[in-house]
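**Student:** Mind folding the following:
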Amino acid sequence: MDTIWQPVLSHLTGPKYKAVAQTIRDGVATGELLEGAKLPPVRDLAWKLGITPGTVARAYTILTDEGMLNAEVGRGTFVAPKRSFAPLFAPIEIDAAIHNSKAQTYNVNLFSPHLPSVGQASLIRQLLSDIAHDPPSGVMHYPSRHTSQKAREAAVQWLKNAPLGAFREGDLTLTNGGQNAILIVLQAVLRGRKPTILVEELAYPGFRRAAELLRVNVVPVAMDEDGLIPDALAAACQSYEAQVLCTSPEVHNPTCGFTPEYRREQIVAVARKHDLQILEDDCYRMGAAVAPTYRMLAPERGWYVASISKTVTPALRIGIAVAPEGKGSKLRRAAEHSFFGLATPITDLAARLLTHPQLDALTTKARLGTNTYVESAVNILGGYDLKWRKDVPFLWLKLPEGWRAGAFCQAAEAQGVQIRPAEEFACRDARVPHAIRFAINAGVSLASFEAAIHRLRDLLDNPHDQIGV
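**Tutor:** Okay, here's the model as predicted:
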């Protein structure tokens, strides 16, 4: 079918060919340009816009390479069809406050998870107001173990469903977010001039960033579908005299993987044989834990890190580090020598927030809202090699032939979708799969999120033979 569509370029800056391409993308995303619609001939559109035919032809070529348009010799240029996949989930109603979010934008950032606002913001504002009127810890003193004790006790209660084994508030230290907790644990444990830590071959980049700050060697360890391979871990311990293993067994970042209990027990056996400490990052779990933590399986060497970023909000930067039995004082000293302690208004807020009677209901609502976005993404991309889990705010996608991760991320960003390539989760010289991780951004409306995922699928449906070569 022909179309009378004509782009308007006056609101765009930069090269004209990019402006033409962008308005076509916008037209497809909004439904103004439907599947199969015929675009104006190059010369006709160039005449109407007052630009050269070469400019229009370049825009058409870019979009044809991206797979958004099909050019047919003798017939013209058309909006490309979309591949149909059967949805894995029935449509789900989402809270109106989430669906009708004001964040209706073309550009969608899927770098890091973003929770839906389901009432936690209002609760935090009210608690901040209460604390401002009558701060329990005052606002004129240095932080101390005394001023933060109620907050630590609240954190113990907040961790009540985590299988950590026996622990008390003295085993726990509050930190400036989960990343800071990782850094403090490493400072408490590592010794010597040039120590070594071990990480999964694909791992949370924050492990490496903390290691860089501490001038620590980082050695990747091979994985399979159940997580770290015990024999590979033992070999790394023998070769490098490593001191700490940094791992994410409950929710592996970035692959959505899970390490079952039998494998964790094998890893503990290796760690005991080689006197290896285990730092477990549990910051991405939104639901109930499936297997016991390393602190429970190996209470003498298991260090545990969590935060409220993926369950309540990332804005407050409240992290929690739990030390093994008998090592709480070592963890506390590392934190105090680094930053004295969290600001007293934040510990006052944590004490009230983490024990508030509304918090469990709010975190459940945020988790269910996030799951709606996950299910929507699976329905759209389910025909591809996609790994996902309920209660996990990101997905892992292995790319089809014709795409490399870096090129795919660049193409996605050109269409307003920001995602992470597998390379960001690997050590510098490692061989990595052609895969990407994209997070759930429930801070935008479900419609905006789905439009972004459809743009990713358009790229997947139409890889170009020369892309990534």
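
**Student:** Report the secondary structure element holding the residue most central in space within the chain.
**Tutor:** Taking Cα atoms, centre = their mean as the criterion, Ser112 is the residue nearest the geometric centre of the chain, at 3.8 Å. Assigned by DSSP states H and E, Ser112 falls within no helix or strand.

**Student:** which residues touch it?
**Tutor:** Ser112 sits next to Pro314, Ala439 when contact means Cβ atoms under 8 Å, 6 or more residues apart in numbering. C-beta: built from backbone N, CA, C; applies to glycine.

**Student:** what helix or strand does Arg352 sit in?
**Tutor:** Using DSSP H and E, Arg352 sits within helix 344-353.

**Student:** Centre of the chain to that helix, how far?
**Tutor:** Relative to its chain's centre, helix 344-353 lies at 26 Å (Cα atoms, centre = their mean, to the nearest Å).

**Student:** Now that helix: buried residues?
**Tutor:** Thr344, Pro345, Ile346, Thr347, Asp348, Leu349, Ala350, Ala351, Arg352, Leu353 (16 or more other Cβ atoms under 10 Å).

**Student:** for the second one, what are its contacts?
**Tutor:** Just to be clear, that refers to Pro345. By Cβ under 8 Å, 6+ apart, the contact set of Pro345 is Leu128, Ile131, Ala132, Pro135, Ser137, Val139.

**Student:** Quick check, Val139 in contact with Thr344.
**Tutor:** Yes: counting by Cβ atoms under 8 Å, Thr344 is a contact partner of Val139 at 6.7 Å.

**Student:** Identify the contacts common to these two.
**Tutor:** With Cβ under 8 Å, 6+ apart, Val139 and Thr344 have no common neighbours.

**Student:** Nearest spatial neighbour of Gln238, chain-adjacent residues omitted?
**Tutor:** His274 (7.4 Å; Cβ to Cβ, 6 or more residues apart in numbering).

**Student:** my bad, Leu174
**Tutor:** Leu342 (5.2 Å).

**Student:** Helix, strand or coil: sort out the one you found for me.
**Tutor:** Here Leu342 takes the coil state, with states given by DSSP: H, G, I helix; E, B strand; the rest coil.

**Student:** and it, how far is that from Val156?
**Tutor:** 16 Å (Cβ to Cβ, to the nearest Å).

**Student:** more crowded one of these two?
**Tutor:** Remark: of Leu342 and Val156, Leu342 carries more neighbours, 25 against 20, as counted by other Cβ atoms under 10 Å.

**Student:** How confident was the prediction at the more buried one?
**Tutor:** Note for Leu342: predicted pLDDT of 94.

**Student:** Look up how far Tyr304 lies from it.
**Tutor:** Here the criterion is Cβ to Cβ. By it, Leu342 lies 18 Å from Tyr304.

**Student:** try Gln149
**Tutor:** Distance from Gln149 to Tyr304, by Cβ to Cβ: 20 Å.

**Student:** Compare neighbour counts for those two and give me the winner.
**Tutor:** More neighbours surround Tyr304 than the other of Gln149 and Tyr304, with 27 against 15 (other Cβ under 10 Å).

**Student:** Roughly how far does the spatially closest residue to the more buried one that is not a sequence neighbour sit from Pro15?
**Tutor:** Nearest residue to Tyr304, sequence neighbours excluded (Cβ to Cβ, 6+ apart): Val322, at 4.2 Å. Distance of Val322 to Pro15, given as Cβ to Cβ: 54 Å.

**Student:** So the two - more neighbours on which side?
**Tutor:** Using other Cβ under 10 Å as the criterion, Val322 and Pro15 rank with Val322 on top: 28 against 12.

**Student:** just checking, that one touches Tyr294?
**Tutor:** No: Val322 is beyond contact range of Tyr294, at 10.8 Å (criterion: Cβ under 8 Å).

**Student:** what residues are shared contacts of the two?
**Tutor:** Residues touching both Val322 and Tyr294 by Cβ under 8 Å, 6+ apart: Trp303, Tyr304.

**Student:** With distance to Gln179 as extra columns, can I get the buried residues of helix 344-353 in JSON lines?
**Tutor:** Below are the buried residues of helix 344-353 laid out as JSON lines (distance: Cβ to Cβ, whole Å):
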{"residue": "Thr344", "distance to Gln179": "22"}
{"residue": "Pro345", "distance to Gln179": "21"}
{"residue": "Ile346", "distance to Gln179": "16"}
{"residue": "Thr347", "distance to Gln179": "19"}
{"residue": "Asp348", "distance to Gln179": "23"}
{"residue": "Leu349", "distance to Gln179": "20"}
{"residue": "Ala350", "distance to Gln179": "17"}
{"residue": "Ala351", "distance to Gln179": "22"}
{"residue": "Arg352", "distance to Gln179": "24"}
{"residue": "Leu353", "distance to Gln179": "20"}
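
**Student:** phi, psi of Thr247?
**Tutor:** Main-chain torsions, Thr247, degrees, to the nearest 10: phi -150, psi 160.

**Student:** Quick one: classify Tyr304 as helix, strand or coil.
**Tutor:** Look at Tyr304: counting by three-state DSSP, its state is strand.

**Student:** Check what pLDDT it gets.
**Tutor:** Looking at Tyr304, its pLDDT is 98.

**Student:** Tell me how far it lies from Thr293.
**Tutor:** Going from Tyr304 to Thr293 by Cβ to Cβ gives 6 Å.

**Student:** Overlap of the contact sets of these two?
**Tutor:** Shared contacts of Tyr304 and Thr293 (Cβ under 8 Å, 6+ apart): Ala162, Leu164, Glu280, Asp282.

**Student:** ChimeraX command to pick out the buried ones of the residues you listed?
**Tutor:** A single ChimeraX command selects the buried members of the shared contacts of Tyr304 and Thr293 (16+ other Cβ under 10 Å):
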select :162,164,280,282
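
**Student:** Just the ones of the shared contacts of Tyr304 and Thr293 in strands?
**Tutor:** Residues of these located in strands (DSSP state E): Glu280.

**Student:** got JSON lines for the shared contacts of Tyr304 and Thr293, with pLDDT too?
**Tutor:** Shown next, in JSON lines, are these (pLDDT from 0 to 100):
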{"residue": "Ala162", "pLDDT": "95"}
{"residue": "Leu164", "pLDDT": "97"}
{"residue": "Glu280", "pLDDT": "98"}
{"residue": "Asp282", "pLDDT": "98"}
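
**Student:** any chance of the shared contacts of Tyr304 and Thr293 in TSV, with distance to Glu261 too?
**Tutor:** Formatted as TSV, the shared contacts of Tyr304 and Thr293 follow (distance: Cβ to Cβ, whole Å):
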residue	distance to Glu261
Ala162	15
Leu164	15
Glu280	13
Asp282	15
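
**Student:** Which of the shared contacts of Tyr304 and Thr293 sits closest to Tyr240?
**Tutor:** Closest approach to Tyr240 among the shared contacts of Tyr304 and Thr293 (Cβ to Cβ): Glu280, at 20.2 Å.

**Student:** so how far is Arg75 from the nearest residue to that closest one once chain neighbours are set aside?
**Tutor:** Using Cβ to Cβ, 6+ apart and skipping the chain neighbours, the partner closest in space to Glu280 is Tyr294 (4.8 Å). Going from Tyr294 to Arg75 by Cβ to Cβ gives 62 Å.

**Student:** which of the two has more neighbours?
**Tutor:** Tyr294 (27 against 9).

**Student:** tell me the contacts of that one?
**Tutor:** Counting by Cβ under 8 Å, 6+ apart, Tyr294 makes contact with Thr247, Pro249, Arg264, Ile267, Val268, Ile278, Glu280, Arg301, Gly302, Trp303, Tyr304.
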